[in-house]
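[1] Show me how the following folds:
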Amino acid sequence: MSNVYTIAVLVGSLRKESINRKVALALAELAPANLKLVIVEIGDLPLYNEDIDGASPPAAYSTFRQQVSSSDAVLFVTPEYNRSVPAPMKNAIDVGSRPYGKSAWSGKPGAVISASPGAIGGFGANHHLRQSLVFLDVPCMQQPEAYLSGAGSAFDEAGNLSESLKPFLQKFINAYGLWVEQHKKA
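    Numbers count the residues shown, from 1 in each chain. Model prediction:
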């Protein structure tokens, strides 16, 4: 692996002590040498509204689109809300997909990891998000699938990743490094 790829990481939870943000940070530490993970913040994006997305879109829209466009690939780290993705994640997807024909997502190798304190690890959100990625032309890594159940106990009080989860996350991020290498459009 000779190139270093910048990965735009979107975290679906806005909570300060978000489990998913902790997962994203752990993945950044475990990332192979060919990946540089950068969290792209989504919490300040106004709700997508075509009426305000004209000749002078909100600065937050423009900044977000530029951050995604300039990345080589995208990684989505999401909790599950009501068997789907949280509203801020869906809003970020919509903002990045506009204006029509100029999607920031198109062709960027992607992956989804979901984490939840619940028993099914965000399975519904993970697969619902993948449906949007098909339309957005994001080739999404299929294996290993990543649904972290019981994720509330994945970190100690100091925020350190559980040693029992580390091998799985290492396998996931290593596979993603290979996926990006294989699918990155020149």
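[2] how close does Phe123 sit to Gln143?
    15 Å (C-beta to C-beta, to the nearest Å). C-betas here are computed from N, CA, C, even on glycine.
[3] what sits up against the lowest-mean-pLDDT helix or strand in the chain?
    Using mean pLDDT, DSSP states H and E, the weakest-scoring helix or strand in the chain turns out to be strand 147-148, at a mean of 92. For strand 147-148, contacts defined as C-beta atoms under 8 Å, 6 or more residues apart in numbering pick out Val23, Ile113, Ser114, Ala115, Ser116, Ile120, Gly121, Gly122, Phe123, Asn126, Ala154, Leu165.
[4] Narrow the residues you listed to just the buried residues.
    Val23, Ile113, Ser114, Ala115, Ser116, Gly121, Gly122, Phe123, Asn126, Ala154, Leu165 (16 or more other C-beta atoms under 10 Å).
[5] Make JSON lines out of these and add pLDDT, distance to Lys102 and secondary structure.
    JSON lines is the format used below for those (pLDDT from 0 to 100; distance: C-beta to C-beta, whole Å; DSSP: H, G, I helix; E, B strand; the rest coil):
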{"residue": "Val23", "pLDDT": "96", "distance to Lys102": "31", "secondary structure": "helix"}
{"residue": "Ile113", "pLDDT": "97", "distance to Lys102": "27", "secondary structure": "strand"}
{"residue": "Ser114", "pLDDT": "96", "distance to Lys102": "28", "secondary structure": "strand"}
{"residue": "Ala115", "pLDDT": "94", "distance to Lys102": "31", "secondary structure": "strand"}
{"residue": "Ser116", "pLDDT": "90", "distance to Lys102": "33", "secondary structure": "coil"}
{"residue": "Gly121", "pLDDT": "86", "distance to Lys102": "34", "secondary structure": "coil"}
{"residue": "Gly122", "pLDDT": "90", "distance to Lys102": "30", "secondary structure": "coil"}
{"residue": "Phe123", "pLDDT": "92", "distance to Lys102": "32", "secondary structure": "helix"}
{"residue": "Asn126", "pLDDT": "95", "distance to Lys102": "27", "secondary structure": "helix"}
{"residue": "Ala154", "pLDDT": "87", "distance to Lys102": "38", "secondary structure": "coil"}
{"residue": "Leu165", "pLDDT": "92", "distance to Lys102": "38", "secondary structure": "coil"}
